[in-house]
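predicted structure and sequence below. I'll ask about it afterward.
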Amino acid sequence: MASINLLSQNSLSMTTLKFIQPNRIPTDSDFLWRYYDIHRFLDLLLNRRFRFSRIDQFEDALEGIPYESLWRMGSLGKEFGIRRTDLLNMPNDFVDRESIKLYSRVDEVLHIQASTFVSCWFLENRESMAMWNLYSNVDGVAIKVNFGKLKTLLNPIIEDVKIKEYYCGKVTYQDLNLFYPDSPDYLSKIPKAALRKDKSFSHENEFRFVMKLKNCDDHQLGIESQIINLKELEMSIICHPQMPDWKKNNIKDLLKSKNLLSSFRMSGIELR
């Protein structure tokens, strides 16, 4: 497991970024993408930060759950006729009438999710129309950065003493509906639960920076990165392929005001 040390500006100490499964880590010249609506993009330009979102705020309710807990919840849930997502979304509804053993397992999972924060990126060297459709719109932009730049500049703004672990890795997509307790536990072979997602999300081709905190705070839904020198990040800014020219000119003017006009790129997708 490889790692690099990152200077934490707020605590003047070092945060170690670990590389999970180094053989699957992108090369420094590979590209990571984020697809933004215009307001997210404006927030990036104004505040020069990326956000680590708490994992239980995502659409996928099974995010970041260890294999054993997935299997136990699935098995006990089947016994009582309860879906895993219902257990996670409404755990208190099952305390009195269902197994306390099941509830304690769910409580553990909710704690894990509430203390895990991730920055999600699309790993691909080419622009993706599917990602435009999912995460942006005709007024939106995409940012493209080299992994080598991002890994050295993306650092959470939180005291190091609160961080249990900070790592990055490529997401593995598996069928989380398969539970075979007597067969080889292939689901358990993913070294970090936050790097596992159900196959139904495989189109995201996701790469993640993951931060695990020692304790969770119900009111903390996200953690900002430290301020990033966007010029040093050397990102490319690509407008939606169907954006009208006058809106592109507005984006250019905005970038010019931030001394980032050289980062502007035309979309490589040709549409009718």
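Arrived safely, thanks for sending. Residues are numbered from 1 along each chain as shown.

just the helices in the stretch 101-250 of the chain please.
129-135, 147-153, 230-233, 245-257 (DSSP state H, counting those that start in this stretch).

nearest to residue 215, of those?
Ranking the helices of the stretch 101-250 of the chain by proximity to residue 215 (Cβ to Cβ) places helix 147-153 first, at 26.3 Å. Backbone N, C-alpha and C define where each C-beta goes, glycine included.

from the contact counts, what lies against that closest one?
strand 2-8, strand 31-36, helix 230-233 (3 or more Cβ pairs under 8 Å, 6 or more residues apart in numbering; DSSP states H and E).

show me where this structure has its strands.
Assigned by DSSP state E, the strands in the chain fall at 2-8, 13-19, 31-36, 51-54, 116-123, 141-146, 163-170, 172-174, 196-198, 206-213, 222-224, 236-239, 264-265.

adding mean pLDDT and mean neighbour count, write those strands out as JSON lines.
Conversion of these to JSON lines gives the following (pLDDT from 0 to 100; neighbours: other Cβ atoms under 10 Å):
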{"stretch": "strand 2-8", "mean pLDDT": "61", "mean neighbour count": "14"}
{"stretch": "strand 13-19", "mean pLDDT": "76", "mean neighbour count": "16"}
{"stretch": "strand 31-36", "mean pLDDT": "96", "mean neighbour count": "22"}
{"stretch": "strand 51-54", "mean pLDDT": "94", "mean neighbour count": "20"}
{"stretch": "strand 116-123", "mean pLDDT": "96", "mean neighbour count": "23"}
{"stretch": "strand 141-146", "mean pLDDT": "96", "mean neighbour count": "22"}
{"stretch": "strand 163-170", "mean pLDDT": "94", "mean neighbour count": "19"}
{"stretch": "strand 172-174", "mean pLDDT": "89", "mean neighbour count": "17"}
{"stretch": "strand 196-198", "mean pLDDT": "90", "mean neighbour count": "20"}
{"stretch": "strand 206-213", "mean pLDDT": "95", "mean neighbour count": "22"}
{"stretch": "strand 222-224", "mean pLDDT": "92", "mean neighbour count": "15"}
{"stretch": "strand 236-239", "mean pLDDT": "96", "mean neighbour count": "22"}
{"stretch": "strand 264-265", "mean pLDDT": "96", "mean neighbour count": "16"}
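
Serialize those to a markdown table and add fields for distance to residue 156.
Shown next, in a markdown table, are these (distance: least, Cβ to Cβ, whole Å):
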| stretch | distance to residue 156 |
| --- | --- |
| strand 2-8 | 8 |
| strand 13-19 | 7 |
| strand 31-36 | 17 |
| strand 51-54 | 6 |
| strand 116-123 | 8 |
| strand 141-146 | 17 |
| strand 163-170 | 7 |
| strand 172-174 | 23 |
| strand 196-198 | 22 |
| strand 206-213 | 5 |
| strand 222-224 | 5 |
| strand 236-239 | 24 |
| strand 264-265 | 28 |
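
is the most centrally placed residue in the chain in a bridge, and if so with what?
Centroid-nearest residue in the chain: residue 120, 2.6 Å away (criterion: Cα atoms, centre = their mean). As for beta bridges, residue 120 partners with residue 208 under DSSP bridges.

over to residue 15?
Here residue 15, judged by DSSP bridges, has bridge partners residue 6.

isn't it up against residue 156?
Yes - using Cβ atoms under 8 Å, residue 15 is in contact with residue 156, at 7.2 Å.

shared neighbours, the two?
Residues touching both residue 15 and residue 156 by Cβ atoms under 8 Å, 6 or more residues apart in numbering: 163, 166.

quick one: residue 164 from residue 112, how far?
11 Å (Cβ to Cβ, to the nearest Å).

in the stretch 51-200 of the chain, where is pLDDT below threshold?
Along the stretch 51-200 of the chain, the parts satisfying pLDDT under 70 run over 76-77, 80, 90-104, 178-188.

50 instead?
181-182 (pLDDT under 50).

so how far is stretch 170-177 off the chain centroid?
Here stretch 170-177 is found 14 Å from its chain centre; the criterion is Cα atoms, centre = their mean, to the nearest Å.
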